[in-house]
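In: fold the following for me, if possible:
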Amino acid sequence: MRQFFSPRFWLTLGVLALIAAGLQFAVSRLPETADDTGPVAAEIRRIDLVSPVFSIEAQPGFRINELGRATTEMRLFLDGIRVAVITPGTYGEIRCAELAELGKCLLLADLLGDAVVWFALIPSEQKRTVTLPAVRSIGDDGFVQLDNGWELPHAPRVERRCPEDTSSLNDFIRRFGDVSTSTFDMQTQQIIRVTCITPS
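Out: Numbering: from 1, shown residues only. Prediction:
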């Protein structure tokens, strides 16, 4: 009984309590993780360039690894003058299956100066416009955010194509945002149109 009330015993309990409190504080400071059963939020990407790709040259072993980064260098020839260089470690995604074919892919890039900090290669529709996901929201800086998290500039007046009339782009998004697409014009580098998806 004498040992139970010894100063060493109480000192040990005090140290353990401080450690437990510190661990609890540290855990409370960690960011919350998303529930695996819930929807995953799209990562926001500000798109500075949308361009057809004429040809692609990649170093041996090029791929996007499990961290979403390029493993080796890749050069994207956009025209006779412009070349976008994807350096090892650049974040990106490739959805275009015909990389070896001339003019079959389209580049979307987030730039820092001339450097590509993130990119996506998607199939090219081989025309002036490209169909993209639905517009989810309108920003105050002349950009809209698409359903997949991409942010692109929009025209002063975005055309709304739907069997039902809408009073504004916000009204269109509210009513048809889940069943629509957006159209990007590569000449003006703007979203110019939103279109309802009608059942076939």
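
In: which residues in the chain form strands?
Out: Assignment of strands within the chain using DSSP state E yields the ranges 45-46, 49-53, 55-58, 74-77, 83-86, 91-94, 105-112, 115-123, 129-132, 135-138, 143-146, 150-161, 180-185, 190-196.

In: nearest to Asn65, out of the ones you listed?
Out: Across the strands of the chain, the minimum distance to Asn65, taken as C-beta to C-beta, is reached by strand 91-94, at 10.4 Å. For glycine as for every other residue, the C-beta is placed from the backbone atoms N, C-alpha and C.

In: which residue, neighbours along the chain excluded, lies closest to Arg63?
Out: Closest residue in space to Arg63, ignoring its immediate chain neighbours: Thr71 at 5.4 Å, by C-beta to C-beta, 6 or more residues apart in numbering.

In: on that earlier part again, can I get the strands of the chain in a markdown table with distance to Ile64?
Out: Output for the strands of the chain, formatted as a markdown table (distance: least, C-beta to C-beta, whole Å):
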| stretch | distance to Ile64 |
| --- | --- |
| strand 45-46 | 15 |
| strand 49-53 | 16 |
| strand 55-58 | 11 |
| strand 74-77 | 10 |
| strand 83-86 | 10 |
| strand 91-94 | 6 |
| strand 105-112 | 14 |
| strand 115-123 | 10 |
| strand 129-132 | 20 |
| strand 135-138 | 25 |
| strand 143-146 | 21 |
| strand 150-161 | 17 |
| strand 180-185 | 23 |
| strand 190-196 | 26 |
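
In: in TSV, list those along with mean neighbour count, distance to Ser168 and mean pLDDT.
Out: Listed next are those as TSV, based on neighbours: other C-beta atoms under 10 Å; distance: least, C-beta to C-beta, whole Å; pLDDT from 0 to 100:
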stretch	mean neighbour count	distance to Ser168	mean pLDDT
strand 45-46	19	24	94
strand 49-53	19	25	95
strand 55-58	16	41	95
strand 74-77	19	37	97
strand 83-86	18	36	97
strand 91-94	17	32	96
strand 105-112	20	27	96
strand 115-123	19	29	96
strand 129-132	16	20	96
strand 135-138	18	9	96
strand 143-146	20	13	97
strand 150-161	17	8	97
strand 180-185	20	14	97
strand 190-196	19	11	97
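
In: how about those, which one is nearest Asn170?
Out: strand 135-138 (6.4 Å).

In: elements contacting that closest one?
Out: Here strand 135-138 touches strand 143-146, strand 150-161, helix 169-176, going by 3 or more C-beta pairs under 8 Å, 6 or more residues apart in numbering; DSSP states H and E.

In: show me what the second one is packed up against.
Out: In terms of contacts (3+ C-beta pairs under 8 Å, 6+ apart), strand 150-161 is packed against strand 45-46, strand 135-138, strand 143-146, helix 169-176, strand 190-196.

In: let's have the ones you listed in a markdown table, adding distance to Gly61.
Out: Shown next, in a markdown table, are the helices and strands packed on strand 150-161 (distance: least, C-beta to C-beta, whole Å):
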| stretch | distance to Gly61 |
| --- | --- |
| strand 45-46 | 26 |
| strand 135-138 | 37 |
| strand 143-146 | 32 |
| helix 169-176 | 43 |
| strand 190-196 | 36 |
